[in-house]
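**Q** Using only what follows, build the 3D model:
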Amino acid sequence: IRYSLGTIGSLFHVDIPLLELSLPIGISFYTFQAMSYLIDLYRGDVGVQRSVLNFGTYVSLFPQLIAGPIVRYETVAAEIKGRTETLDDFTEGARRFMVGLSKKAILANSLALIVDSIFALSPEKVSVAMSWYAAIAYLMQVYYDFSGYSDMAIGLGRMFGFHFLENFTFPFLSKSVTEFWRRWHISLCTWFRDYVSVSYTHLTL
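**A** Residues are numbered from 1 along each chain as shown. The predicted structure is shown next:
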């Protein structure tokens, strides 16, 4: 928010004061999930959840609250009411969590060191080859960050009996840009497709 306001202020030559407000961690995911529930309810795709505790559990589901994936109510509605924890699920969830932790702690953090060291250099010291190297390293850092967090969330959820949908499915094996975005941060892309693009289409018809 600070950088966004600074950019807007510099474009229009105005000083926009930044309110020092403390916001909840994962506020964007609270918003996305609450909106998807309300829109699905309006469309008749889901039933009314009359339990404040169950609805609060859905909105603030901690395994994926910080970095996704965005979980839709219909995906976990049955498991919120009653789920079964099994040793197989716990074991697979723990394995998935460790994969995600390795992506984040080993790969993403190591790539971040490379990227930060190159970005810290003055422009005249950075060659074309080094620029491409930094760009590719940064792309992979972002991927392993998001993908690692998603793996940890999916694994942790499964340990507790929740089955979240996949969020990344090998995007770099895509054969087109369109296919890439279908494989990259799937929950976010499908959220915008189903709730923003569709709503905009209905408004313009």
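**Q** how far out from the middle of the chain is the longest helix anywhere in the chain?
**A** Determined from DSSP state H, the single longest helix within the chain is helix 128-159. Remark: helix 128-159 is offset 12 Å from the chain centroid, using Cα atoms, centre = their mean, to the nearest Å.
**Q** Next, report how far the helix or strand that comes right after it is displaced from the centre of its chain.
**A** Using DSSP states H and E, the next helix or strand after helix 128-159 towards the C-terminus is helix 177-183. The chain centroid and the centroid of helix 177-183 are separated by 16 Å, computed with Cα atoms, centre = their mean.
**Q** From Ile118, how far off is the residue at the greatest distance from the centre of the chain?
**A** The outermost residue of the chain relative to its centre, with distances by Cα atoms, centre = their mean, is Glu124 at 35.7 Å. Counting by Cβ to Cβ, to the nearest Å, the gap from Glu124 to Ile118 is 13 Å. (Each C-beta comes from the backbone N, C-alpha and C, glycine too.)
**Q** quick one, helices of this protein?
**A** 2-12, 27-43, 52-59, 73-81, 87-102, 109-119, 128-159, 177-183, 186-192, 198-204.
**Q** Distance to Thr169 for these - can I get that in CSV?
**A** Converted to CSV, those look like this (distance: least, Cβ to Cβ, whole Å):
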stretch, distance to Thr169
helix 2-12, 31
helix 27-43, 20
helix 52-59, 24
helix 73-81, 16
helix 87-102, 14
helix 109-119, 21
helix 128-159, 10
helix 177-183, 5
helix 186-192, 7
helix 198-204, 23
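**Q** Now mean pLDDT and distance to Asn167 too, for those helices, in CSV please.
**A** Compiled in CSV, the helices of the chain are given as follows (pLDDT from 0 to 100; distance: least, Cβ to Cβ, whole Å):
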stretch, mean pLDDT, distance to Asn167
helix 2-12, 65, 25
helix 27-43, 85, 12
helix 52-59, 86, 18
helix 73-81, 86, 12
helix 87-102, 95, 11
helix 109-119, 93, 20
helix 128-159, 92, 4
helix 177-183, 88, 10
helix 186-192, 86, 5
helix 198-204, 52, 21
